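> Pasting the sequence and the predicted model now:
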Amino acid sequence: MADRVQIVLWDKARGAGGRMSTSRSPSNSLCTVDLGAQYITATPYYSKIHKSFYQELLTHGIFKLLEATVEGMQAMEEGTENYVTPSGMSSIVKHYLKESGAEVLFSHQLTHVYRRGPCWEVHRKEGSPEQFDVVVLTMPIPQILQLQGDIGSLLSESERQKLEDVSYSSRYALGLFYKAGVQISVPWVAKYVSNNPCIRYIATDDKKRNLVSEGVGPSVVVHTSVPFGMEHLEEAKEEVQAIILEELQKVMPGLREPENIKCQKWRYSQ
């Protein structure tokens, strides 16, 4: 496709991934954790129609079958398979960005979109405006509606109302990074929690991705429930982090204090 069209990708973040981003410990870049998507589920139907994609990712070592049992996972259709990413979820995004041949520009936050004759002129928070033949927006709908320029005038009243009616769930995620040699002794690799008002999911992320190494410490990811996320959405992350850590001790008594912690607010989770 690169020989027929020039693709330029703007991302307001500093790296690829979005909700499939992979975070690294400030103390050891080899100690990683996925704070968003945890694994890719392929039903028999999607395994068939997307066979070439799954095969490509498996061949490149980006995908690997999830071999461990996830405690509390909902029953799935027979033949369904779950895949994990040894190098983190962001490796999927990075692979396809590379394959696309696109010019990828990070720290480019879109602010305005204008119609200029047959072209579109887009402005960013810092830097000069640029013009394109086609603009595709992939951010959450509330962020699209916040854009300035001609977006508002191009939408009919009914279209705008339908977009405004779209709602998202919100949640927090916590990544815990440990020093090499620390043992996380639990009888599961990942589990869904049903009896805690705060925590919904926990995984020893390195074990889930089969990345256990003597020179790299373990990592743990915690996802809160949606009700908890909605209730505490506008609170300071530091305050919410303290609550999550307190509840985590109830689910995993005696869990050691990590070397580093990253708290992520997913305002638009799903």
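That came in fine, so what should we check first?
> who touches the closest residue to E164 other than its chain neighbours in this structure?
Nearest non-adjacent residue to E164, counting by CB to CB, 6 or more residues apart in numbering: L145, 6.8 Å away. Any C-beta I mention is one placed from the backbone N, CA and C, and that applies to glycine too. Counting by CB atoms under 8 Å, 6 or more residues apart in numbering, L145 makes contact with I151, G152, R160, L163, E164.
> any idea whether the third one is helix, strand or coil?
Local secondary structure at R160 is given as helix here, using DSSP: H, G, I helix; E, B strand; the rest coil.
> Tell me how many other residues surround it.
Neighbour count for R160, taken as other CB atoms under 10 Å: 14.
> can you check the last one too?
Residue neighbour count, defined by other CB under 10 Å, stands at 11 for E164.
> Start the count at 6 instead of 1 going forward.
Sure, I'll start numbering at 6, so the last one becomes E169.
> Show me this structure divided up by domain.
According to automatic domain parsing, the chain comprises the domains 114-169, 176-271.
> chain center to the shortest one, what's the gap?
Distance, stretch centre to chain centre, for domain 114-169: 24 Å (CA atoms, centre = their mean, to the nearest Å).
> What is the end-to-end distance of that domain?
22 Å (CA to CA, to the nearest Å).
> repeat for the last one
Distance between the two ends of domain 176-271: 5 Å, counting by CA to CA.
> Just give me how far it sits from the chain centre.
On CA atoms, centre = their mean, the centre of domain 176-271 falls 15 Å from that of its chain.
> among the domains of the chain, which is nearest S34?
Nearest of the domains of the chain to S34, taken as CB to CB: domain 176-271 at 9.6 Å.
> thinking again about what came up before, so which of the domains of the chain comes closest to T90?
Proximity to T90 (CB to CB) singles out domain 176-271 among the domains of the chain, at 6.7 Å.
> Quick one: mean pLDDT over the closest one.
Mean pLDDT, computed over domain 176-271, is 95.
> Can you give me the neighbour number for the spatially closest residue to I12 that is not a sequence neighbour?
The shortest distance from I12 to any non-neighbouring residue, by CB to CB, 6+ apart, is to A107 (3.9 Å). Other residues lying near A107 total 16 when counted by other CB under 10 Å.
> Please tell me the pLDDT value assigned to A107.
Looking at A107, its pLDDT is 93.
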